[in-house]
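In: next one to model:
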Amino acid sequence: MTSKKPKLILVHEPEKACFDRLVADGHAPERAAEIASYLAQSTDLAPEFDALAGACLARGLSFAPVALDEAARLLDGEDPGTTLVWTLTDGVAYFRGGAAPALARLGGFRTVGADETLFALCQDKFRSGAVLGALGLPAPPAGLARDGQWLVEPPVSAAGWFVKPNRLGAKIGIWPDSRCGDLGHALELSRRVFAAYRDDVVVQPYVAGRNVRASFLGLTPENGVEALGVAFVDSGSDFQTMADSLALYGDTGEAAKAAGRYAEPELVAVADSQPAADAGIRAIAERLMGGLCLRDVFSIDLRVEADDTVHLIEFEVCPGLPCFDFRAYCRSQWGLGLADAIAETAANRMTGPDRRF
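Out: Model (predicted):
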């Protein structure tokens, strides 16, 4: 009797499924499209599913991309002993990808990535910031507002404040005036965010510095913080707006390319000019891996000042795998294209011990 071939199942929430659900829930179509755009990695990775299948086959695995709404039904027919689940898209509010690792846990499947508790935590920036502060990490303190009312008043800040949605892609500021100099304007921004997206806002002291993305893919289960890729992401602007984000990814990104409006930010290794900051970021990542059990695949967004001061902005358990920065990381760190990096990671997880608690 031959054994069943190991299988990688990649669970993802498509943009259109999210858009249709949000519109049915009463969101304006334009706003629903903006919200759903955060799932653009599903759109961007779909053309490479054949390449992923080939890379998996070369390593003795079969491959199946599964839309989130079909995941429960399809997982019910799989063998937990030979099936690995990798969740591509996260979410517990506007997006629902956080259901996938919970389903995998319920069915006894091995998974790539963090456990389901971190899928929920990283999507709520106010709560995750509180946890990061409790771990002694340099995350800016925050206030929280809903539709023009303070739920938690923000700290005093001589440099002004930065206002961002709490449960969306919250490192971005939505509008160019998201950095503001008075708290009255911060409350006005909270009204605008609530009217457009039904979300609270996090209001943090503005922190200066260059934007940094730290990317991690553990090609083997033994890989640690030494495999972290740490790069300045220089786009020419202080922070990313919704319009900036729409021009980079998914169908809107393709339209921006066709119109000549697409420009990838420049990636420059932090260690080349600020080795002390690079060391500090690796220490932060090590603390996150130990204190929060981040593992396998994740990213961290930070700000680094000229004097090597590091500010931790957020962590993500589902980094944008097909995005320019993660592809660049796979090439520089592992010498692999994205499909081979994903397949190699999956193959190594299938042959190693199950490290879940």
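
In: low pLDDT regions in the chain?
Out: Residue ranges of the chain with pLDDT under 70: 1-3, 169-173, 236-263, 352-357.

In: longest helix of it?
Out: The helix that spans the most residues within the chain, counting by DSSP state H, is helix 275-291.

In: which residues touch that one?
Out: Helix 275-291 is touched from outside by 135-138, 212, 214, 216, 224-225, 228, 230, 269-271, 294-295, 298, 300, 302, 304, 308, 310, 312, 315, with contacts defined as CB atoms under 8 Å, 6 or more residues apart in numbering. Backbone N, C-alpha and C define where each C-beta goes, glycine included.

In: same check, this time on stretch 122-136
Out: Under CB under 8 Å, 6+ apart, the answer for stretch 122-136 is 90-93, 95, 98, 121, 139-142, 144, 152, 164, 166-167, 170, 200, 202, 204, 287-288, 291-292, 312, 314-317.

In: flag every buried residue along it.
Out: 122, 123, 124, 125, 126, 128, 129, 130, 131, 132 (16 or more other CB atoms under 10 Å).

In: check the gap between the first one and residue 187 for me.
Out: Here residue 122 is placed at a distance of 26 Å from residue 187 (CB to CB, to the nearest Å).

In: spatially, what comes nearest to residue 11 if we skip its sequence neighbours?
Out: residue 100 (4.1 Å; CB to CB, 6 or more residues apart in numbering).

In: three-state assignment of that neighbour?
Out: helix (DSSP: H, G, I helix; E, B strand; the rest coil).

In: for it, give me its contacts.
Out: Per CB under 8 Å, 6+ apart, neighbours of residue 100: 11, 68, 71, 85, 87.

In: any of these buried? List them.
Out: The neighbour count (16+ other CB under 10 Å) marks 11, 68, 71, 85, 87 as buried among the contacts of residue 100.

In: ok, the last one touching residue 114?
Out: Read it as residue 87. No: between residue 87 and residue 114 there is no contact under CB atoms under 8 Å: 9.2 Å.

In: nearest residue to residue 316 in space, please, no chain neighbours.
Out: Counting by CB to CB, 6+ apart, the residue nearest residue 316 is residue 299, at 4.8 Å.

In: can you show me the helices along the stretch 101-250 of the chain?
Out: Ranges of helices in the stretch 101-250 of the chain, per DSSP state H, counting those that start in this stretch, are 116-121, 125-134, 183-197, 242-246, 250-258.

In: could you count how many residues lie near residue 24?
Out: 9 (other CB atoms under 10 Å).

In: for it, give me phi and psi.
Out: phi -60, psi -30 (degrees, to the nearest 10).

In: separation between it and residue 74?
Out: Taking CB to CB, one finds residue 24 at 24 Å from residue 74.

In: before we move on, what about residue 299?
Out: 28 Å.

In: kindly report the same for residue 22.
Out: 24 Å.

In: higher neighbour count, these two?
Out: The residue with more neighbours, out of residue 22 and residue 74, is residue 22; 22 against 14, by other CB under 10 Å.

In: my read: the more buried one touches residue 34, true?
Out: No: Residue 22 lies out of contact with residue 34 (CB under 8 Å); the separation is 9.8 Å.

In: just say helix, strand or coil for residue 26.
Out: coil.

In: swap in the one 5 residues further on?
Out: Secondary structure of residue 31, reduced to three states by three-state DSSP: helix.

In: check contacts around the residue nearest to it when sequence neighbours are not counted.
Out: Closest residue in space to residue 31, ignoring its immediate chain neighbours: residue 196 at 5.3 Å, by CB to CB, 6+ apart. Residue 196 makes contacts with 28, 31, 174, as judged by CB under 8 Å, 6+ apart.
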